[in-house]
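*Asks:* kindly return the folded structure for what I paste below:
(2 chains)
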Amino acid sequence: MMTDPTAEAMNAVFRAEVGLICGSLVRITGDFDLAEDLVQDAVVVALQRWPVDGVPERPAAWLLQTARRRAIDRLRRDSTYRAKLQLLTDGWAPDVRSDPDDRLRLIFTCCHPALARDAQVALTLRAVMGMTTSQIAHAFLVSEATMAQRIVRAKRKIVDAHIPYRVPDADELPDRLAEVLASLYIVFNEGYLGSGPEMSTSRDLCSDALWLCGLVARMLPDEPEVLALLALMRLHESRRATRFGADGALVLLRDQDRAHWDHSVIAEAGALLEQARRLGRPGSYWLQAAIAACHAEAPTFEDTDWPQILALYGALVRLNPGPVVRLNRAIALEHVAGPVPAMEELDALRAELDGYHLYWATRAELLRRFGRLDEAADADRRAIELTDNPSERALLETRLEPPVIRALGANSN
Amino acid sequence: MKYMLLFIKNEEADLDEVAQRAHYAAIDEWFSEIGRDGKLRGGEELQPSNTATTIRFQEGRPLVTDGPFMESKENVAGFVTIDVADLDEAIAIAKKWPPKDQAVEIRPVVNHDDMPHHPVG
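*Replies:* Next up, the predicted model:
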């Protein structure tokens, strides 16, 4: 029986099957580059055939068979690959399940620290999730040629520098896992911040990142930071419906309609955080998720537990003393200790964050608190210059309009 | 799989005599550890880059000049070749390199046994 495939249905099949197939082919051939190419070829053929023929009843078997036919075509043309062709024929097993799950090895290879972060992200999306080069290029706003080159280079390095196909040993695991989680969070953020009120891409990167993080959590159930990142993504996701106004402008946390937050997702995330806390010392994702949970669990903006948030940011700054974390801590500081110490902190961060739009947007908010309206408008203009995101620009531009026009605009919606 | 580890040093930083002795003692220890495991395939410490001479070819004619190929504060101060299973093992060894003010660049070595028709260079 064939089913009528929507893009979403096909993506679900790719997610479920591609990583397993690719992982087992890398294991069988010992050649990451070749195996990954074959699976990508099969995905591209599926994207052409399935909308016409329907999704096959056994899509994994179909993809494997297609990959195998591509392998034979390709290897016939190249005599040095004969031995590998033999391996594909002999070792061909329709059952791609293995223990440990091949996908875990695949993810650690794709996210190896010897590869640049943007290449890690692209390779993971291709090899594990079955995204095509064109879809990845579209999602990350680079040309397909640039993305293809990035992927080819990374794969060549995996082969030429002998990056191994394995799950790291226990002593390396924390560092290596941090690489994986950073890549997953980039995928999520690209979907979360990059998407406007209407979704234009054929893949929802947020749901891909959530799915992948859930997979890693199932494969490594005792790692607290994996659970914490999953909780963090869910907490962001729980507010998704309220993030944009009818005009497409970003709605600030304080103005979002809390009745439309997904409170069952927030409760689930809370349970994940509790589970993570029992497994180990709070890491960077745990602290970020705990901060997001404080916001999500507050019945109103005024009820937000700012002292708790400030304490969590304090712990986060000690763990990860970057300027952006300190900027966020300064916002919490304003709610606890008032605008004067917050402004002192912002002044101290100015040199480091001069090119960061949210620095200027935050500064503008704070200047308004002091009644320094002209300076606030200048800071908002600077923030607008520094961001391309249409929803953020729309919000900032609203703040620059005189109050009367703003009121009229609000009435017309 | 062979890798060359290139040790990159800031030549402007100077060690006093006591620090120098500790520096060499730690490096000896590192060498004997990888030597014991049978992974070392030779290596050398180099004189500073102000002793370097570079030959460039201009229209095929050799031109001899004073100094390293690239002017920089940071220069290659030594190298070793190791023979290990994969990049992860090379990284693990490089991470243990004792002088923490240096950088270690890991370069896979071309295996000419795999490419019989490929000439050297």
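*Asks:* can you list the domains in chain A?
*Replies:* A:1-194+A:203-220, A:222-308, A:322-413 (automatic domain parsing).
*Asks:* is the longest one anywhere near chain B?
*Replies:* Yes. Figure legend: domain A:1-194+A:203-220 in contact with chain B (Cβ under 8 Å from any Cβ of the partner chain); contacting residues A:His112, A:Ala114, A:Asp160, A:Ala161, A:His162, A:Ile163, A:Pro164, A:Arg166, A:Pro168, A:Glu172. C-beta here means a position set from N, CA and C on the backbone, and glycine is covered the same way.
*Asks:* neighbours of the second one, how many?
*Replies:* Number of residues near A:Ala114 (other Cβ atoms under 10 Å in any protein chain shown) recorded here: 16.
*Asks:* and what of the fifth one?
*Replies:* Using other Cβ under 10 Å, A:His162 is surrounded by 19 other residues.
*Asks:* before we move on, back to that, identify the farthest-apart pair in the residues of domain A:1-194+A:203-220 next to chain B.
*Replies:* Farthest-apart pair in these is A:Asp160 and A:Glu172; separation 21.6 Å (Cβ to Cβ).
*Asks:* for those two, work out which one has more neighbours and name it.
*Replies:* Comparing A:Asp160 with A:Glu172 by neighbour count (other Cβ under 10 Å), the higher total belongs to A:Glu172, at 16 against 12.
*Asks:* tell me the secondary structure at residue 107.
*Replies:* Let's take chain A. helix (DSSP: H, G, I helix; E, B strand; the rest coil).
*Asks:* looking at chain B here, not the other one
*Replies:* Strictly by three-state DSSP, B:Arg107 counts as strand.
*Asks:* likewise the one 3 residues further on?
*Replies:* For B:Val110, the reduced secondary structure class is coil; criterion used: three-state DSSP.
*Asks:* cool, and B:Phe7?
*Replies:* Going by three-state DSSP: B:Phe7 is strand.
*Asks:* any figure for the gap between it and B:Thr54?
*Replies:* 20 Å (Cβ to Cβ, to the nearest Å).
*Asks:* and for the one residue in the stretch 301-413 of chain A that gets nearest to chain B, the neighbour number?
*Replies:* For the stretch 301-413 of chain A and chain B, the shortest gap (Cβ to the nearest Cβ) falls at A:Pro321, measuring 20.0 Å. Number of residues near A:Pro321 (other Cβ under 10 Å) recorded here: 9.
*Asks:* that one belongs to a helix, doesn't it?
*Replies:* No. With three-state DSSP as the criterion, A:Pro321 is assigned coil and is not in a helix.
*Asks:* contact partners for it?
*Replies:* The contact partners of A:Pro321, by Cβ atoms under 8 Å, 6 or more residues apart in numbering or on different chains, come to none.
*Asks:* helices of chain B, start to end?
*Replies:* Listed in chain order, the helices of chain B (DSSP state H) span B:17-36, B:87-95.
*Asks:* ok, back up a step: among the domains of chain A, which is nearest B:Asp86?
*Replies:* So among the domains of chain A, domain A:1-194+A:203-220 is nearest, using Cβ to Cβ, at 4.1 Å.
*Asks:* which residues of chain B lie near chain A?
*Replies:* So chain B meets chain A at B:Met1, B:Ala85, B:Asp86, B:Leu87, B:Asp88, B:Ile91, B:Ala92, B:Ile106, B:Pro108 (Cβ under 8 Å from any Cβ).
*Asks:* just the buried ones from these, in ChimeraX syntax?
*Replies:* In ChimeraX, this line selects whichever of those come out buried by 16 or more other Cβ atoms under 10 Å in any protein chain shown:
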select /B:1,86,87,88,91,106,108
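*Asks:* farthest pair in the residues of chain B next to chain A?
*Replies:* B:Ala92 and B:Pro108 (15.4 Å).
*Asks:* helices and strands around the helix or strand containing A:Glu345, which ones?
*Replies:* Using DSSP states H and E, A:Glu345 sits within helix A:339-353. Here helix A:339-353 touches helix A:323-337, helix A:357-369, going by 3 or more Cβ pairs under 8 Å, 6 or more residues apart in numbering or on different chains; DSSP states H and E.
*Asks:* how far off centre is the shortest one?
*Replies:* The one in question is helix A:357-369. Distance of helix A:357-369 from the chain centroid (Cα atoms, centre = their mean, to the nearest Å) equals 27 Å.
*Asks:* after that helix comes which helix or strand?
*Replies:* Next element after helix A:357-369 (DSSP H and E): helix A:373-386.
*Asks:* residues in contact with that next one?
*Replies:* Contacts to helix A:373-386, defined as Cβ under 8 Å, 6+ apart, come from residues A:355-361, A:363-365, A:367-368, A:393, A:396-397, A:399-400.
*Asks:* same thing with stretch A:259-266?
*Replies:* Contacts of stretch A:259-266 (Cβ under 8 Å, 6+ apart): A:Arg234, A:Leu235, A:Glu237, A:Ser238, A:Arg239, A:Ala241, A:Thr242, A:Ala293, A:Ala296, A:Glu297.
*Asks:* now those in JSON lines, with secondary structure, pLDDT and distance to chain B?
*Replies:* Formatted as JSON lines, the contacts of stretch A:259-266 follow (DSSP: H, G, I helix; E, B strand; the rest coil; pLDDT from 0 to 100; distance: Cβ to the nearest Cβ, whole Å):
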{"residue": "A:Arg234", "secondary structure": "helix", "pLDDT": "96", "distance to chain B": "33"}
{"residue": "A:Leu235", "secondary structure": "helix", "pLDDT": "96", "distance to chain B": "34"}
{"residue": "A:Glu237", "secondary structure": "helix", "pLDDT": "93", "distance to chain B": "35"}
{"residue": "A:Ser238", "secondary structure": "helix", "pLDDT": "94", "distance to chain B": "38"}
{"residue": "A:Arg239", "secondary structure": "coil", "pLDDT": "93", "distance to chain B": "40"}
{"residue": "A:Ala241", "secondary structure": "helix", "pLDDT": "86", "distance to chain B": "44"}
{"residue": "A:Thr242", "secondary structure": "helix", "pLDDT": "91", "distance to chain B": "45"}
{"residue": "A:Ala293", "secondary structure": "helix", "pLDDT": "97", "distance to chain B": "36"}
{"residue": "A:Ala296", "secondary structure": "helix", "pLDDT": "96", "distance to chain B": "39"}
{"residue": "A:Glu297", "secondary structure": "helix", "pLDDT": "95", "distance to chain B": "42"}
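*Asks:* make a PyMOL selection of the buried ones in those.
*Replies:* In PyMOL, this line selects whichever of these come out buried by 16+ other Cβ under 10 Å:
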select buried, chain A and resi 234+235+237+238+239+242+293+296+297
